[in-house]
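> sequence first, predicted model second:
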Amino acid sequence: MTTIINVPHSLEDKSFELVLDQVAPLPLDEKIIVDTRHARWASPYGLTALLALAQSRAERPILYVPEAENVNSYWSRMDFFKHAAELYEIQGRVRTTKAAETSVLLEVTSISKSDDVHDVVDKIQQRAQDALVKNLNLDAKITMRFTMALSEVCQNIVEHAGRGGWVAVQTYTWRVRLGGRKVVVIAVCDPGIGFRQSLESAPGFQKRERWDDGQALEETVMRGASRFRDPGRGQGLAGVRKFVGTWDGKLSIRSGTARIAVLPKGDWDEDEPLVEDLSYFPGAQVQITIPERVA
Amino acid sequence: MINHIDVSSILRKSVCELYSNLVTRPTGAAVRCEIEQELDRIGDRALTVIDFSHVGLLDFSCADEIVAKLLLQYVSTDAPRREVYFVFRGISESHMDAIEAVLERHKLALVTQRADGESRLVGIIGVEERRAWEIISQLGAGISADVADATGVSRDVAERMLDTLWRRRLVIRYDNAYVAVGSATVGSESMRLDA
């Protein structure tokens, strides 16, 4: 049996839930067709999550590529198809383009080992300064902190996921929210063991009366818990949390059936701090959003 | 002797010739191991400048591996590995973000020094101990009576504060006198600690 999974026109963190609602009930070895033909836009989260989705399946899925030329070309420029070809049976014409995408700070990039994090950091430093300071009017101090945050969320894959994942970084203009303000978005997605299973692997771990993905996210993100006994562990996400707070940004992390969010002080986002009972998806999917500074 | 360790050189030597950023825990662990080997070669009593001037990025994981774990080995109030003092140089604002976070996590303190020689105590330290360190730092060298006179505490209390600072390797003890760690690296590049 093969099931067609319809991908929404606009593919980002919230609308990706519609994809997961279709996929989660299916057996892992059931063949799926991920139909992106009608996609009009995808965020870094959407693209990295599509790759993680394919990794999570026991049977290699089929991908129907976007029909719109500009969307198809953009996904190419983001290196999405380069990686998708390893994970999906691609159906449809993939357009190649030589034009550089100026809004892309980091194309979709594979993260599976420590060296990959070094490469990502080296690559993004060259591009981040202009994008953050000139285009988003942010203080020059942000560049290093932004890269630190990126490094830490990428390391979560290497340290905890148990398998490889993906990162992408892009700036774009948010037309619906923020009154057309620009944002920079980091998306890091993996289909690994996720936060709950990671904490459960800690020596001497004992389950509480209530123990689920939401609790695991709260313990890790808000209280700095880690599966390691080393008291120095767990500082990375605390640092990321501080970073987004300083720059009125948003951090959201989805793992298993829950999503936790560190929300901005400003009123540009109306997300809930903790959303539970979502459709199950393995691993961890992280998104950091930093908005343009306005006078 | 005052020893100088260029962290960027250690990074390139121990991990990868092309790297200039201190990111990821394995990288931090490799750099710290190399620093420890350097320290093993320089004797039981030493003042060492740890220089971050040529390091681009320092993330939290690397700061924990390099700075916190190094200090935890050598700056323990119980049984320090040896009498090694550290001064941290070339610390940028973004380095400081990561360093302050790990110092807070482990309740540690260290001395940083700017290019103009000004030293600063950062991390977790009591108000009175900080004041005592500043007095000794301003004097260049001093004894418990100097701290007692400046702060109004008894000489016994002042001596205990200085002893705590010495155990945390924030001041150097010579017989009954103390030198603030940062002061000892100013204008004397060949100062011997084993005199």
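Looks like it came in fine. Numbers count the residues shown, from 1 in each chain, chains lettered A, B, ... in the order given.
> contacts, neighbours, all on C-alpha from now
Will do.
> how about the residue nearest to B:Leu58 when sequence neighbours are not counted, what does it touch?
Sequence neighbours aside, B:Leu22 is the residue nearest to B:Leu58 in space, at 4.7 Å (criterion: C-alpha to C-alpha, 6 or more residues apart in numbering or on different chains). By C-alpha atoms under 8 Å, 6 or more residues apart in numbering or on different chains, B:Leu22 lies in contact with B:11, B:28, B:55-59, B:62.
> doesn't A:Thr143 fall inside a helix?
Yes. The assignment for A:Thr143 (DSSP: H, G, I helix; E, B strand; the rest coil) places it in a helix.
> A:Lys134 is in contact with that one, correct?
No. Between A:Thr143 and A:Lys134 there is no contact under C-alpha atoms under 8 Å: 11.4 Å.
> got a list of what B:His4 touches?
B:48-51.
> distance of it relative to chain A?
26 Å (C-alpha to the nearest C-alpha, to the nearest Å).
> so that residue, which of the three states?
strand.
> how close does it get to B:Leu47?
9 Å (C-alpha to C-alpha, to the nearest Å).
> show me what contacts B:Gln113?
B:87-90, B:119-120, B:182.
> show me which pair in the residues you listed is furthest apart.
B:Gly90 and B:Gly182 (13.4 Å; C-alpha to C-alpha).
> for residue 89, what are phi and psi?
No chain specified, so I'll use chain A. Torsion angles at A:Glu89 (phi, psi; degrees, to the nearest 10) stand at phi -90, psi 110.
> try chain B instead
The phi and psi values for B:Arg89, taken as degrees, to the nearest 10, are phi -120, psi 160.
> now do the same for it: its pLDDT.
Per-residue pLDDT puts B:Arg89 at 95.
> repeat for A:His160
81.
> quick one: B:Ala132 and B:Val147 touch, right?
Yes. Counting by C-alpha under 8 Å, B:Ala132 touches B:Val147, with 5.9 Å between them.
> shared neighbours of those two, which are they?
Common neighbours of B:Ala132 and B:Val147, using C-alpha under 8 Å, 6+ apart, are B:Ala158.
> pull out the buried positions in stretch A:60-77.
A:60-67, A:71-77 (16 or more other C-alpha atoms under 10 Å in any protein chain shown).
> can you tell me which of these end up in helices?
Counting by DSSP state H, these place A:71-77 in helices.
> could you dump those residues to JSON lines with pLDDT?
JSON lines is the format used below for those (pLDDT from 0 to 100):
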{"residue": "A:Val71", "pLDDT": "93"}
{"residue": "A:Asn72", "pLDDT": "94"}
{"residue": "A:Ser73", "pLDDT": "92"}
{"residue": "A:Tyr74", "pLDDT": "92"}
{"residue": "A:Trp75", "pLDDT": "94"}
{"residue": "A:Ser76", "pLDDT": "94"}
{"residue": "A:Arg77", "pLDDT": "91"}
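> how about the closest residue to chain A within chain B, what does it touch?
The minimum distance from chain B to chain A, using C-alpha to the nearest C-alpha, falls at B:Asp59 (5.3 Å). By C-alpha under 8 Å, 6+ apart, the contact set of B:Asp59 is A:148, A:151-152, B:22-24, B:95, B:98.
> would you turn these into TSV with pLDDT and distance to B:Leu71?
Below are the contacts of B:Asp59 laid out as TSV (pLDDT from 0 to 100; distance: C-alpha to C-alpha, whole Å):
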residue	pLDDT	distance to B:Leu71
A:Met148	92	22
A:Ser151	93	24
A:Glu152	92	22
B:Leu22	92	17
B:Val23	91	19
B:Thr24	91	19
B:His95	93	16
B:Ala98	93	15
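> tell me the one of those residues nearest A:Asp277?
Using C-alpha to C-alpha, those come closest to A:Asp277 at A:Glu152, 27.2 Å.
> could you dump the helix or strand hosting the closest one to CSV, C-alpha only?
Using DSSP states H and E, A:Glu152 sits within helix A:142-156. The C-alpha trace of helix A:142-156 is given here as CSV (Å, rounded to 0.1, in the frame of the first residue of the first chain):
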residue,chain,number,x,y,z
ILE,A,142,25.0,39.7,17.4
THR,A,143,27.2,38.0,14.8
MET,A,144,29.4,35.9,17.2
ARG,A,145,26.4,35.2,19.5
PHE,A,146,24.3,34.1,16.5
THR,A,147,27.1,31.7,15.4
MET,A,148,27.5,30.4,19.0
ALA,A,149,23.8,29.6,19.1
LEU,A,150,24.0,27.9,15.7
SER,A,151,27.0,25.8,16.9
GLU,A,152,25.2,24.7,20.1
VAL,A,153,22.0,23.6,18.3
CYS,A,154,24.0,21.7,15.7
GLN,A,155,26.0,20.0,18.4
ASN,A,156,22.8,18.7,19.9
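> picking that back up, top of the contacts of B:Gln113 by neighbour count?
B:Gly182 (28 neighbours; other C-alpha atoms under 10 Å in any protein chain shown).
> grab the nearest non-local neighbour of it.
Looking at B:Gly182 with C-alpha to C-alpha, 6+ apart, the closest residue is B:Ser119, at 5.3 Å.
> and that neighbour, what does it touch?
Going by C-alpha under 8 Å, 6+ apart, B:Ser119 touches B:111-113, B:182-183.
> pick out the lowest-pLDDT one from these.
B:Ser183 (80).
> correct me, but that residue touches B:Ile135?
No. Counting by C-alpha under 8 Å, no contact exists between B:Ser183 and B:Ile135, whose distance comes to 11.4 Å.
> okay, those two: which has more neighbours?
Neighbour totals were compared for B:Ser183 and B:Ile135, and B:Ser183 leads with 22 against 18 (other C-alpha under 10 Å).
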